[in-house]
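Chemist: next input, structure requested:
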Amino acid sequence: VRAAQACYDGAMAFEAPFISGKDSLNNEFACEDGTRISIPSTLLISAISIVDDINKCVTMDAKKASNLLFIVGETKNELGGSHYYKINDQVGANVPKLDLGTAPKIAKKISDAISQGLVVSCHDCSEGGLAVALAEMAFAGG
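Modeler: Sure, this is the predicted structure:
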């Protein structure tokens, strides 16, 4: 219930309606040999947006070595659930919290910068933070 409420709050804050959603609370599969495989509960949401000019869209792959890299937003002591803790076999107490008062404003400013042609590629720092985001940007470029 709290996940659904958080999804609603996020959709309202970002003014981004969801067009589809599904929850899978019982993710269990029985193999032919009788073995049961279970995965954590899953929430899947689909959202869409109108793109005024497809030529202004950017991808996440790094374009040139001379491009500047900017990290936007505030970094806090919130590594709980991170890839860093996972590979170091730790849990961490401080799970990242999304500030729905600030995040939509930052997203709007990034969108405006992209529309003005100031951004050539863009990617989020989520699972794994900056290190993983940089690796993903490098891999995406081939």
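
Chemist: pLDDT below threshold where in the protein?
Modeler: Scanning the chain with the threshold set as pLDDT under 70 gives 23.

Chemist: quick one: the helices in it?
Modeler: Along the chain, counting by DSSP state H, helices occupy 2-14, 83-87, 103-115, 129-140.

Chemist: ok, and what's touching the third one?
Modeler: For helix 103-115, contacts defined as Cβ atoms under 8 Å, 6 or more residues apart in numbering pick out 13, 14, 15, 56, 57, 58, 72, 73, 119, 122. Every residue, glycine included, has its C-beta placed from N, CA and C.

Chemist: again, but for the second one
Modeler: When contacts are defined by Cβ under 8 Å, 6+ apart, helix 83-87 is touched by residues 79, 91, 92, 127, 128, 129, 132.

Chemist: make sure the first one is actually in contact with residue 92.
Modeler: Put plainly, it is residue 79. Yes - counting by Cβ atoms under 8 Å, residue 79 touches residue 92, with 4.9 Å between them.

Chemist: what is residue 21 paired to in the beta sheet?
Modeler: residue 45 (DSSP bridges).

Chemist: so what's it up against?
Modeler: Residues in contact with residue 21 (Cβ under 8 Å, 6+ apart) are 7, 43, 44, 45, 46.

Chemist: list only buried entries from those residues.
Modeler: Buried subset of the contacts of residue 21 (neighbour count, 16 or more other Cβ atoms under 10 Å): empty, as none qualifies.

Chemist: I'm done for today, thanks for sticking with me.
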